[in-house]
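# how would this look folded up:
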Amino acid sequence: MIDSKYNYEISRDSQANSSSWYSINNNCVPHFHSALELVYVRSGTMEATLNGKFYCIQARELLLVPSYTVHRYLTPDYSDTIVMTIPLSYIPVFQKKLKGKTFSLCHISNKVLTQEVARCMRCCCDLQRKTPESLAARGYIHVILALLTENIPMENTHTKDDDALVRNVLTYLHNNYKNTLSLKTIAEEFGYSTSRFSHIFNKHVGCSISEYINSLRCRHVAGILLDSEEFTITEAAMSAGFNSMRTFYRAFMSIFGVSPSKYTDVYKENDTLKHCQQECLPWDNNKCPCLLK
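So this is what the prediction gives:
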């Protein structure tokens, strides 16, 4: 029950409908899914890493994340964004059009194009809150995909061995992060030397293997602490795979920006934060401004 709320976004593949939301200070751990993802930066700056390639997205620019692309977002200072995920099966005509192909451009700065896409994304966000199954929202998504496919060149998909490896590793870590793991054992699991494996993972994901594992474990702990009062912080940390409370506290502070006790106290007492977590900052966004007040 707890895990399902804190899975990294490969779990989106079970969702049949498009989803859109506003996000302040967009941050997320490296993940991937089959859905197409769009991020429009309304103001500020958001950094992104897509399959190891770095992008800096400024205000009124758009990031386009193709299917099965490992992506990570960071906000160095401040960002106000709109995020949208579109399962390709949601619009069958475009699923057929994109079969075996992908967009050749991920960072879109054409102001005319981004402005029109952003307008449609805003309409989808507003409609989703009022009428989740709105036919009008589906119409706006048709327009978004038409604008992108007509203005962004397409190219044949060529899955690189390293890209496939990283996706397999993320899946493996998601399924095994509660167990005892080390760089050596994981590298051996996939048939690589530790140095080569570490280089590939760091390049594509943007952090070390231990940092990523700790992020999964901390989000598991956060879920336990928010959903149940039966566990102490120590019990929650140990159940997530930590064997050192010092390591846990250091990792939790790094990810959420506050201690576990403050995280739970502020969340349970702050209606603004609950609204933020449920609507504005879903999934893996961290260091929410509401939480740091």
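
# show me where pLDDT drops low in the stretch 1-150 of the chain?
Counting by pLDDT under 70, the stretch 1-150 of the chain contains low-confidence residues at 1-15.

# how about the helices of it, start to end?
Under the criterion DSSP state H, counting those that start in this stretch, helices of the stretch 1-150 of the chain are mapped to 3-6, 92-98, 111-130, 135-151.

# give me the buried positions along the second one.
Read that as helix 92-98. 94, 98 (16 or more other CB atoms under 10 Å). Every C-beta, even on glycine, is put in place using the N, C-alpha and C of the backbone.

# and stretch 170-188, by the same measure?
Under the neighbour-count criterion of 16+ other CB under 10 Å, stretch 170-188 has 170, 173, 176-178, 181, 183, 186-187 buried.

# relative to residue 218, how far out is residue 253?
Separation of residue 253 from residue 218 (CB to CB, to the nearest Å): 9 Å.

# more neighbours, those two?
Each of residue 253 and residue 218 has its neighbours counted (other CB atoms under 10 Å); residue 218 has more, 26 against 15.

# list the contacts of that one.
Going by CB atoms under 8 Å, 6 or more residues apart in numbering, residue 218 touches 240, 248, 251-252, 255-256.

# one more time with 6 Å
Applying CB atoms under 6 Å, 6 or more residues apart in numbering, one finds that residue 218 lies in contact with 251-252, 255.

# what about residue 243, how many residues close to it?
9.

# so the closest residue to it other than its chain neighbours, which of the three states?
Counting by CB to CB, 6 or more residues apart in numbering, residue 180 is the residue found nearest to residue 243 once chain neighbours are left out, at 7.6 Å. In three-state terms, and counting by DSSP: H, G, I helix; E, B strand; the rest coil, residue 180 is coil.

# from residue 238, how far off is residue 180?
As for residue 180, its distance to residue 238 is 12 Å (criterion: CB to CB).
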